[in-house]
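Visitor: Quick check, what structure comes out for this input:
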Amino acid sequence: REKQLHSAAETTKELVRGLAHEIKNPLGGIRGAAQLLASEVEDAELKDYTNVIIEEADRLHNLVDRMVGSRKPLHLAETNIHEVLERVRSVVNAEIRGKSIEISDDYDPSIPPLMADGEQLIQAMLNLVRNAKQALESPNVEHSLGRIQLKTRVTRNITIGSNFHRLAVTVEISDNGPGIDEDMIETIFYPMVSGRPEGTGLGLPITHGIINQHRGLIECSSEPGKTTFTVILPLD
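Guide: Now for the predicted structure:
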């Protein structure tokens, strides 16, 4: 089974690389055309439109790069993990307004700042919380109130890969949704794998890549009624 999973992962990677190439070529053309158009128009409002096209083309280009593992260097700075999570909570709270979903926290206030790229971590955690929100919007939910919990703790003396760390922060993002099928747990961090018909299967692989860049670890455990994504980031 392990060989089959490895083979499936390699096939998926090749598929994604080919798809990325096919996407980036027209994106370059769109961006170039928008730049030419911007140089020709004088109306400020029209320039705003061309700027949107250029910025969105750049955003999609960066997303495609992430899909194939080409990542920009991290901009490391002292980062408060709770500020990251609260930023994510504020974004998702706006998305769940009027829905039967609530987000709670269980933070350890003693956790020191970590050296990280705050914007990248926000993206990683946002993907995980949105993933929980989407699970709670599933027709398979069997309760009236969806709950997402953000939990942080200090972890001591942990090995990530081959590196030993005396101190790390553990972030758990849990939901009381229907859970993830057992046969999907081992593949959810592969691109194009999604449990939802409308899902792109890109959010979790992008999160996985960001956590890896931070020398961290991400894991998932799931059963009906509780799914938890655990992120461990070294503090030393």
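
Visitor: and the longest strand belonging to the chain, how far out from the chain's middle?
Guide: Longest strand in the chain, counting residues (DSSP state E): strand 146-160. For strand 146-160, the separation from the chain centroid amounts to 17 Å (computed by CA atoms, centre = their mean, to the nearest Å).

Visitor: can you check stretch 156-167 too?
Guide: Counting by CA atoms, centre = their mean, stretch 156-167 comes out at 23 Å from the chain centroid.

Visitor: sorry, back to before: any buried residues in the longest strand of the chain, and which?
Guide: Within strand 146-160, the residues scored as buried using 16 or more other CB atoms under 10 Å are 146-152, 155, 160. Bear in mind the C-beta positions are built from the backbone N, C-alpha and C, glycine included.

Visitor: what's the most far-flung residue of the chain relative to its centre sitting at in phi/psi?
Guide: Distance from the C-alpha centroid of the chain, by CA atoms, centre = their mean, peaks at Glu42 (38.8 Å). For Glu42, the backbone dihedrals (degrees, to the nearest 10) come out as phi -110, psi -20.

Visitor: quick one: low-confidence parts of the chain?
Guide: Low-confidence segments of the chain, defined by pLDDT under 70: 1-14, 16-17, 66-72, 187, 190-202.

Visitor: which stretches of it form strands?
Guide: Under DSSP E, the chain gives strands at 77-79, 101-106, 114-116, 146-160, 163-175, 217-223, 226-234.

Visitor: JSON lines for those, including distance to Val52?
Guide: Listed next are the strands of the chain as JSON lines, based on distance: least, CB to CB, whole Å:
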{"stretch": "strand 77-79", "distance to Val52": "29"}
{"stretch": "strand 101-106", "distance to Val52": "31"}
{"stretch": "strand 114-116", "distance to Val52": "30"}
{"stretch": "strand 146-160", "distance to Val52": "32"}
{"stretch": "strand 163-175", "distance to Val52": "32"}
{"stretch": "strand 217-223", "distance to Val52": "33"}
{"stretch": "strand 226-234", "distance to Val52": "33"}
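
Visitor: out of those, which comes closest to Leu126?
Guide: strand 163-175 (10.4 Å; CB to CB).

Visitor: now the angle from that closest one to strand 217-223?
Guide: Strand 163-175 and strand 217-223 are oriented at 40 degrees to each other (axes from the mean of the first three to the mean of the last three CA atoms, to 10 degrees).

Visitor: Find the residue closest to Ser221 in space, skipping its chain neighbours.
Guide: Thr228 (5.2 Å; CB to CB, 6 or more residues apart in numbering).

Visitor: residues touching the one you found, list them.
Guide: With contact set as CB atoms under 8 Å, 6 or more residues apart in numbering, Thr228 has these partners: 172-174, 220-222.

Visitor: now the closest residue to Val171 other than its chain neighbours: how far from Ile160?
Guide: Using CB to CB, 6+ apart and skipping residues adjacent in sequence, the residue nearest Val171 is Val231, 4.5 Å away. Note on Val231: its distance to Ile160, by CB to CB, to the nearest Å, is 11 Å.

Visitor: All set now, cheers.
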